[in-house]
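>>> Curious how this folds, go ahead:
(2 chains)
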Amino acid sequence: MHEHEHTHDAHAAITEKNELTYYEKRVYAIQSLLVEKGIVTADEVRRAVEDMDSRTPALGAKVVARAWVDPAFKARLLADAKAAVAELGIDTGALSTLVAVENTEKLHNVVVCTLCSCYPRSILGVPPDWYKSLHYRSRVVVDPRGVLKEFGLEVEPNVEVRVYDSTADMRYLIIPARPAGTEGMSEEALARLVTRDSMIGVARARRPSES
Amino acid sequence: MSAKFKPGDKVRVRVGSPPGHLRTPHYIQGKTGSVAAVHGTFRNPESLAYGGDGLPKQFLYLVCFEQTQVWEQYPASRQDRLLIDIYEHWLEPA
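Next up, the predicted model:
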């Protein structure tokens, strides 16, 4: 018998506070049916969730850092992003096609999906809540400069702003401009400057002094 | 099967709200832009959304619009653009 300073019944039982929503119930019901009918197995569903959860903006950052140091890779990335990221061992899946777009001194691109929340999940992971919000989706197309300013990014009047509305099969990855003062930095160090938001286009990449 | 439009072509987005799922937002319907890229062919989401096979595949285009043409009171500099993916059956020559 081991000795405890505290008693076990001091712990409250773990309870689920939240009722399942209508859509959660529906998803679970459909999933159960698919498993029961033998169309997918529970393990396949688990593996797909696990794969999705393993994807983070670090994948995208690795791609951007490579593009910054290797102009030939950047050219391939801009021509066929899906094939280029596969060179780095990143599988973007069978369904959607990836397009890379470059931000420069004269051009700032930002991505939205006004119809839902299409996002390059295979390379950036789960989208942030604001990306899915009605506010962002409805306003960034009408007033991109105003919305970017709210994110703390003021785009100079002489820089063209382009909004990409990803309404269909394409998923857009922004290659942020490489910050000044990063000459000679290693690819790994450069990747740490590439944030999720900079790859959506609502921020610039970090400067070395900010990381 | 060949694409009806090529990069640089002026196109107008058709106006319509058929019942069901569609990927052409209301705000861009009736607007005129130019084809920036031909993405290739994809299954039609208006059929896929209801368990259909999505065939025949549709050409998908990246279409570029001047923001000042999309929004009457676009508040910022005039060179800004909006780029959006639109399936061929939603486009007509302009």
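>>> use CA for all of it now, contacts and neighbours both
Noted.
>>> per-residue confidence for residue 37?
The chain I'm using is chain A. On pLDDT, residue A:37 comes in at 97.
>>> Chain B is the one I meant
So, for residue B:37, pLDDT stands at 96.
>>> quick one: contacts of the helix or strand harbouring it?
Residue B:37 belongs to strand B:32-42 when elements are defined using DSSP states H and E. Contact with strand B:32-42 is made by A:169, B:3, B:5-13, B:57-66, B:69, B:94, as judged by C-alpha atoms under 8 Å, 6 or more residues apart in numbering or on different chains.
>>> could you pull out the helices for chain B?
Secondary structure of chain B (DSSP state H): helices located at B:45-48, B:67-70.
>>> deepest of the ones you listed, which one?
helix B:67-70 (a mean of 20; mean count of other C-alpha atoms under 10 Å in any protein chain shown).
>>> quick one: average pLDDT of it?
Across helix B:67-70, pLDDT averages out at 94.
>>> next one: that helix to chain centre, how far?
Offset of helix B:67-70 from its chain centre (C-alpha atoms, centre = their mean, to the nearest Å): 15 Å.
>>> what does that helix contact?
Residues outside helix B:67-70 that contact it (C-alpha under 8 Å, 6+ apart): B:27, B:28, B:31, B:32, B:74, B:78, B:79, B:80, B:81, B:82.
>>> all strands of chain A, in order?
Under the criterion DSSP state E, chain A contains strands at A:97-102, A:107-112, A:160-165, A:170-175.
>>> Now do the same contact list for the nearest residue to residue A:124 once chain neighbours are set aside.
In space, and not counting its chain neighbours, residue A:124 is closest to residue A:57: 4.1 Å by C-alpha to C-alpha, 6 or more residues apart in numbering or on different chains. Residue A:57 sits next to A:123, A:124, A:125, A:195, A:196 when contact means C-alpha under 8 Å, 6+ apart.
>>> on that earlier part again, only the buried residues of the strand holding residue B:37, if you could.
Residues of strand B:32-42 classed as buried: B:32, B:33, B:34, B:35, B:36, B:37, B:38, B:39, B:41, B:42 (neighbour count, 16 or more other C-alpha atoms under 10 Å in any protein chain shown).
>>> of those, closest to chain A?
Distances from chain A to these, taken as C-alpha to the nearest C-alpha, are shortest for residue B:42 (7.5 Å).
>>> export the helices of chain B to TSV and tack on distance to residue A:63?
Converted to TSV, the helices of chain B look like this (distance: least, C-alpha to C-alpha, whole Å):
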stretch	distance to residue A:63
helix B:45-48	30
helix B:67-70	30
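>>> quick one, helices of chain A?
According to DSSP H, the helices that chain A contains are A:22-36, A:42-54, A:57-69, A:71-79, A:81-87, A:121-124, A:129-132, A:134-142, A:144-150, A:187-191, A:196-200.
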